[in-house]
Structures are given as C-alpha cells and as structure tokens.
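Student: just a sequence and a predicted model for now, questions to come.
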Amino acid sequence: MTIPALDHSTTRHSLPHAYWMARAAGLASLDRDGIEAQAAAWGFGEVRHYESAHRMPFPVEDTQAYTMADDRMIITGFRGTEVLKIYDWLTDVSTPPVPGPANKGFVHYGFHQALQSVYPQIRDTVQELRTHGQTVWFTGHSLGGALAMLAGARLYFEAPRLLPDGVYTFGQPRTCERLLADAHDTAFKDRCHRFVNNNDIVPHLPPEPVFTHVDALRYFDADGKLHESMPLIAKLKDRVKGVRADLLAPETDAVKDHHLRNYLAAFEKNLIKA
C-alpha cells in the first residue's frame, strides 16, 4: 500500500491524517522559504509565520510556528526542540505552574510563556483565514506538542466559538495538572491524539505528581506497531525490549525514540501494513 496524499477535506482522525500531521509538525523546523515551498506543494496557498520577539526566560530557542491554509483546511504547526535543550528545565521542580486557559487549572510556566509570545497572532490569523468554515488543526513535536495542545485549549476555552477539529502531538511532555487535563479531555474527546514512541523520554517529563498528561494516548511499541491502548505490564515489558534492542546504539534509546524521523518511520510501517 502507498501512503495516501493529504486529504484536505477530512474532518476526523485517521492513521493517514495523523501521519500528515506529523509531517506538518516537522515543517515548523524549516526556514520560512522551506515551509512555504512545502506548503505550496501540499496545496496550501496561504502561509503565515510567527516568532517571539525576544528570548524566553528558560534555555530553549525562541518560539517559532506557522499557519498554512486553503479553502478547506487550516493547520498550525509549532517547532519542537532537542531533548538535551529542554531536559534541564523540564526536570526543574522549582518551576511554578501558572493559571491555565480561562483560569482552568494550571500549566507549566515555561510552556505558558513560550505560547504567550505568539498566541495572539495565531488566534487572530486563524479567525481571519477561516472564511469558508475550514477545519482547524494544531500539531507539534516535543516542545511543539505542548504548545499545540495549549493553543487548541486556549482557542476554545477563552472564546468557545471555535473548537479545533483536531490536535496532534508527538513526543509531548507533561504540560498541565489534573484540573486542566480533565477539562481538556471532556472538551477535546476524539479530537486530541497524543502519540508516544516506545521509550521516548520527553513524555515522562516534567515529573509527576504536579504535572500530568491529557488522555488519548496512542503508543508505538518497540517493533513500531501502533496501539490505541496497552496494559501497564505489557508496556513495561515492551520498554525493556526497546532498551535491549539498542544497547550498542550511539545514543540512548530514550533519546533516539524522541526524534520525529523515528515517529514518521513508525507511521510509515503501520500505513504500509494497513
């Protein structure tokens, strides 16, 4: 089976659509010309770019994101970052949480600040470009996944005229505490899809119990097979399998599994078998 082209008319989750959202998450790491060229090749005639005007007060790069749109679909993608660049501040338990969207629960301070630097522009752009009732999607890998989840939540909770059609995250860290996660799970039921690749370390950060995940976990096992659910014991055994398979790798399994290219490879394996 060949991988289907991006379907601009889709309104719901599917494995091919999740793959294209992962590809869209990867676009955010390109320069402006690269994003625009790829967006045009995918059939999007409108592209907007966002970048924070100053460095964040924690050790990651400036926030970068983009929106691409046509008359059927609007996609906003957030740039991720490498594991070693976010590990320290994700494990810093002294980082205080701050109020979440519409004061629903709390979110990690770093994610809040990173999103706040570009969110007003993104919100205004989505509202401006949505002239034909287009579907609205958010996507991101790593740090970008946290920002995609929060952007979708802000768009809906702060002005509930528009509930995004889907939020796709890949290797997303824990972003909020339980109150916001519960409200998000209710509002975004069947609309949020959080993918984790085997031993990817970032989804285990920041540490519990303060921060937690939203639901809708979809898990790639050590062989790359996608599971919508997996019992805890089976998942622990699978993680051990992943570590053993990479004992001689130049980087740890937990870091290797975080790379977006390995998420894409797992998607392609499942799509070809479908």
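Tutor: Okay, I see it.

Student: CA atoms only: put the host helix or strand of G152 into CSV for me.
Tutor: Secondary structure from DSSP states H and E places G152 in helix 143-157. Only the C-alpha atoms of helix 143-157 are listed here, as CSV (Å, rounded to 0.1, in the frame of the first residue of the first chain):
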residue,chain,number,x,y,z
LEU,A,143,8.0,21.3,23.0
GLY,A,144,5.9,22.0,19.9
GLY,A,145,3.4,19.3,21.0
ALA,A,146,2.9,21.0,24.4
LEU,A,147,2.3,24.3,22.6
ALA,A,148,-0.1,22.8,20.1
MET,A,149,-2.2,21.3,22.9
LEU,A,150,-2.2,24.6,24.8
ALA,A,151,-3.0,26.6,21.7
GLY,A,152,-6.0,24.4,20.9
ALA,A,153,-7.2,24.7,24.6
ARG,A,154,-6.8,28.5,24.6
LEU,A,155,-8.7,28.9,21.3
TYR,A,156,-11.7,27.0,22.7
PHE,A,157,-11.7,27.8,26.5
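
Student: distance between the following helix or strand past it and the chain's centre?
Tutor: Sequence-wise, the next helix or strand downstream of helix 143-157 (DSSP H and E) is strand 166-170. Chain-centre distance of strand 166-170: 5 Å, with Cα atoms, centre = their mean, to the nearest Å.

Student: who's in contact with H258?
Tutor: Counting by Cβ atoms under 8 Å, 6 or more residues apart in numbering, H258 touches V83, S142, G171, N197, D200, I201, V202. Where C-beta positions appear, they are placed from N, C-alpha and C, glycine not excepted.

Student: which stretches of the protein aren't confidently modelled?
Tutor: 1, 53-61, 88-89, 92-94, 230-251, 274 (pLDDT under 70).

Student: ok, now with 50
Tutor: 59, 233, 238, 240-245, 247-250 (pLDDT under 50).

Student: for it, which segments count as helices?
Tutor: Here the chain has its helices, by DSSP state H, at 15-27, 32-41, 83-90, 109-116, 119-129, 143-157, 178-187, 232-245, 253-256, 260-273.

Student: quick one: buried residues of the fifth one?
Tutor: Within helix 119-129, the residues scored as buried using 16 or more other Cβ atoms under 10 Å are Y119, I122, R123, T125, V126, L129.

Student: now the first one
Tutor: In terms of neighbour count (16+ other Cβ under 10 Å), helix 15-27 has its buried residues at P16, H17, A18, Y19, W20, M21, A22, R23, A24, A25, G26, L27.

Student: residues in contact with T125?
Tutor: Residues near T125 by Cβ under 8 Å, 6+ apart: R48, T67.

Student: farthest pair in the buried residues of helix 119-129?
Tutor: The most widely separated members of the buried residues of helix 119-129, counting by Cβ to Cβ, are Y119 and L129 (15.7 Å).

Student: enumerate every residue touching G34.
Tutor: By Cβ under 8 Å, 6+ apart, the contact set of G34 is L27.

Student: R72 versus that one, what's the distance?
Tutor: Distance, G34 to R72, by Cβ to Cβ, to the nearest Å: 23 Å.

Student: chain neighbours aside, what residue packs nearest to F170?
Tutor: Spatial nearest neighbour of F170, excluding adjacent residues (Cβ to Cβ, 6 or more residues apart in numbering): H141 at 4.4 Å.

Student: neighbours of V214, just the number please.
Tutor: 22 (other Cβ atoms under 10 Å).

Student: any idea how far R154 is from G105?
Tutor: From G105 over to R154 the distance is 13 Å, taken as Cβ to Cβ.

Student: overlap in contacts of the two?
Tutor: Shared contacts of G105 and R154 (Cβ under 8 Å, 6+ apart): none.
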